[in-house]
Every structure is written in structure tokens, then in C-alpha cells.
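Visitor: I would like to see how this sequence folds:
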Amino acid sequence: MYSEALGRLINVVAPASGTYIYLGDASGVTFSGFEVDGATQFQLTFAADSAGTGAVTPNVIDHYYGRSADQSNGIWHKTTMSAGSLVTAADVTEDHVIIEVSAAMCPDNKPWVKLTGDGSSTVTAILHDLAYQRTPANLRSVIA
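Guide: Predicted coordinates for the structure are as follows:
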């Protein structure tokens, strides 16, 4: 019997820009950010709860992946950076970015994470390697 990925391997939150997402039941989250009207910044924040209590921006991102919005030539490339919490995606070559956050990156007692994009950017969060496999209708909310 075929088993779909949603509920077994992944859970998805969209739109997710500026929304705290609970990582307690997943090994990580892959953020997909997109914007085509200029260079974009994406800020990563961790907190103790969905209200943002004790919010911090630790330096945990040391790379991300980007590609052009031109789908005919949109090949992924890796951008390495000094460890930080702010990704500045280049216009044209990084209209679409992927930022992976492992649950192990969460500071103590801060299992809620959000990625906030500026401008007209969009963010989708894909939680992966779920601790509890459920049918999609039985997935619990990860946004409080």
C-alpha cells in the first residue's frame, strides 16, 4: 500500500513568514523562501513558545541554497556564509532560497522557530522526519 509523505515524513506550513513553528515533533524544518523584486533578507528567530517569549537569534546558519527564478536555468547552488541568523539572498541568482534548520540547533528550551522575510517575499516551512506518523487529517498543529 502506498503511503503519502504528508503525515508520514513531512508536515507543511504556508504561508510561514513570521510564524513560529514548533520543532518538538520533527528533526528539523526546511524553509523555502521566494522573492523576485530585489535582494531579500530572511531572519531566523527561536523562542520558548509561539508568542515569542525569550526570542533569540543565535548564529546557527552557515550556508543555504539558492537559485534563479528562471526555471529553465534554475540550478541550485550552495552559498556559504559566516555563522549567523540573517540570510541576505542576492537578487536574480537567489530568488528562491532553501534554509535548513535542525531541531538540534534550537537553544535550550526554545523549540519554536520562525523565518521572517522582508519585502514581498513568501516563506513555506516543511517539517521533516516526523517523530509521530499520522494521517494528514490527524496531524497536530505546529503553529499553536
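Visitor: Quick check on A137: phi, psi?
Guide: phi -70, psi -20 (degrees, to the nearest 10).
Visitor: where's it relative to V29, distance?
Guide: Distance, A137 to V29, using Cβ to Cβ, to the nearest Å: 21 Å. From N, CA and C alone the C-beta is placed, and that goes for glycine too.
Visitor: For those two, indicate the residue with more neighbours.
Guide: Taking neighbours as other Cβ atoms under 10 Å, A137 and V29 compare with V29 leading, 26 against 6.
Visitor: Confirm for me that the more buried one is in contact with T124.
Guide: No. With contacts counted by Cβ atoms under 8 Å, V29 stays clear of T124, the gap being 10.2 Å.
Visitor: Quickly list what the residue most central in space within the chain is bridged to.
Guide: The chain has F31 as the residue nearest its centroid, 2.3 Å off, counting by Cα atoms, centre = their mean. Under the criterion DSSP bridges, F31 forms beta bridges with I99, A125.
Visitor: For it, give its distance to N11.
Guide: Noted for F31: a distance of 13 Å to N11, by Cβ to Cβ.
Visitor: Quickly list what's touching both of those two.
Guide: I126 (Cβ atoms under 8 Å, 6 or more residues apart in numbering).
Visitor: so where do the strands sit in this protein?
Guide: Taking DSSP state E as the criterion, the chain carries its strands at 10-13, 21-22, 26-34, 40-47, 61-67, 77-84, 86-89, 96-102, 112-117, 122-130.
Visitor: For E35, give me the pLDDT.
Guide: Here the pLDDT value assigned to E35 is 88.
Visitor: list the contacts for the residue lying closest to it once chain neighbours are set aside?
Guide: Spatial nearest neighbour of E35, chain neighbours left out: S121 (3.8 Å); criterion: Cβ to Cβ, 6 or more residues apart in numbering. Listed by Cβ under 8 Å, 6+ apart, the contact partners of S121 are S17, G33, F34, E35, T40, F42.
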